[in-house]
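K.L.:
only geometry, no sequence info:
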Ligand SMILES: [Zn+2]
């Protein structure tokens, strides 16, 4: 296999996997699967696709990694912590795990433009091989030791007890925040919920704008989406967000929402969760084979966004892999995050130029961040 194209995956729940699934992401995929072989506590046991060795093998040298801790009102049907304070403590445990992985040389945190540029140089611009091939730059052993860069984000803002907690989070390196997740939220309502943006959400957005935290509009219900765009004038993206017209469900964005993100200079990250890729997926019932689902299906979503934009600069990768599901809910030809390397050839086959492909695989989101962190 030729050396991988760099991939920037803007949505991975790494710390959730470490602390809630008890996955040591330094293990190989095979070790993790063997360990979970007989576990029944979660539907995706033994089906994981993400770990550090697979990320390196697949050229995923940079990612946006989440903290996530939801609060669930008394006797609500969705699981969550019984208080925002507990949810906050959960996210702080997740932060501690990221710090341990930094100390172990597995990860490096990216908080500034200088850190971003330095990290990209490590993954892209080492001396070329004799034949001039880019990326094939070091021995496999050295690639295996490269730290993976991560930018910290928060999925769902329930854990932000007060705006002071948001400021503390920024000091910890939090650079992007999606106010909503599933269902009703303290600051914003999410997937399968409805209602306008609460006053607390408006205050949160103002403080995010002041601090320079990117707004992640993914998961916002339609009403909150439009309210958030009105209230917030800073940089915004949709980290893991496919097209409603191709997979009808409120979790995906309608065309006018996609257009609005593009008009604000935003980028949408393509998710590889089957439920977001095809129409009619029935949760915990459907199988990828029922739809003959392959990675290529994501190219339809990419094409759709590029048609709305009139160019290929507003779409990137935000896989959400191992975000509570595994291979039971991914394309049949995706058995590892490293299989993202199949995407460039698929895009080239559809007529995307070399620059377009690089843009989609990593550069569109990097350019967005460079602008946001100017
Ligand atoms: Zn999500």
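P.N.:
Perfect, thanks for sending it. Not measured: the values here are computed from a predicted model.
K.L.:
So, low pLDDT: which residues of this protein?
P.N.:
1-3, 125-144 (pLDDT under 70).
K.L.:
all strands of it, in order?
P.N.:
Per DSSP state E, the chain carries strands over the ranges 7-12, 60-67, 107-109, 148-155, 174-178, 214-216, 236-237, 268-270, 315-317.
K.L.:
which one of these lies closest to residue 323?
P.N.:
strand 7-12 (7.4 Å; C-beta to C-beta). Every residue, glycine included, has its C-beta placed from N, CA and C.
K.L.:
Check which helices and strands the closest one sits against.
P.N.:
When contacts are defined as 3 or more C-beta pairs under 8 Å, 6 or more residues apart in numbering; DSSP states H and E, strand 7-12 packs onto strand 60-67, strand 268-270, strand 315-317, helix 364-372.
K.L.:
hmm, back to that, can you redo the strands of the chain as JSON lines with mean neighbour count and distance to residue 300?
P.N.:
Shown next, in JSON lines, are the strands of the chain (neighbours: other C-beta atoms under 10 Å; distance: least, C-beta to C-beta, whole Å):
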{"stretch": "strand 7-12", "mean neighbour count": "28", "distance to residue 300": "20"}
{"stretch": "strand 60-67", "mean neighbour count": "26", "distance to residue 300": "23"}
{"stretch": "strand 107-109", "mean neighbour count": "19", "distance to residue 300": "33"}
{"stretch": "strand 148-155", "mean neighbour count": "24", "distance to residue 300": "25"}
{"stretch": "strand 174-178", "mean neighbour count": "25", "distance to residue 300": "24"}
{"stretch": "strand 214-216", "mean neighbour count": "26", "distance to residue 300": "23"}
{"stretch": "strand 236-237", "mean neighbour count": "26", "distance to residue 300": "21"}
{"stretch": "strand 268-270", "mean neighbour count": "28", "distance to residue 300": "10"}
{"stretch": "strand 315-317", "mean neighbour count": "28", "distance to residue 300": "12"}
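K.L.:
can those strands go into JSON lines with extra columns for distance to residue 253?
P.N.:
Putting the strands of the chain into JSON lines (distance: least, C-beta to C-beta, whole Å) gives the following:
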{"stretch": "strand 7-12", "distance to residue 253": "15"}
{"stretch": "strand 60-67", "distance to residue 253": "18"}
{"stretch": "strand 107-109", "distance to residue 253": "29"}
{"stretch": "strand 148-155", "distance to residue 253": "17"}
{"stretch": "strand 174-178", "distance to residue 253": "13"}
{"stretch": "strand 214-216", "distance to residue 253": "13"}
{"stretch": "strand 236-237", "distance to residue 253": "12"}
{"stretch": "strand 268-270", "distance to residue 253": "7"}
{"stretch": "strand 315-317", "distance to residue 253": "12"}
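K.L.:
quick one, which of these is nearest to residue 353?
P.N.:
strand 315-317 (14.0 Å).
K.L.:
Which one of the strands of the chain lies nearest to residue 94?
P.N.:
Using C-beta to C-beta, the nearest of the strands of the chain to residue 94 is strand 60-67, at 4.7 Å.
K.L.:
Run me through the strand neighbours of the closest one, direction for each.
P.N.:
Sheet pairing of strand 60-67 (DSSP bridges) gives strand 7-12 (parallel), strand 148-155 (parallel).
K.L.:
Next, work out how far apart residue 27 and residue 371 are.
P.N.:
Residue 27 is 37 Å from residue 371, where distance means C-beta to C-beta, to the nearest Å.
K.L.:
In terms of neighbours, single out the busier of these two.
P.N.:
More crowded of residue 27 and residue 371, by other C-beta atoms under 10 Å: residue 27, with 16 against 11.
K.L.:
separation between the residue nearest to that one when sequence neighbours are not counted and residue 33?
P.N.:
Spatial nearest neighbour of residue 27, chain neighbours left out: residue 51 (6.0 Å); criterion: C-beta to C-beta, 6 or more residues apart in numbering. Per C-beta to C-beta, residue 51 is found 10 Å from residue 33.
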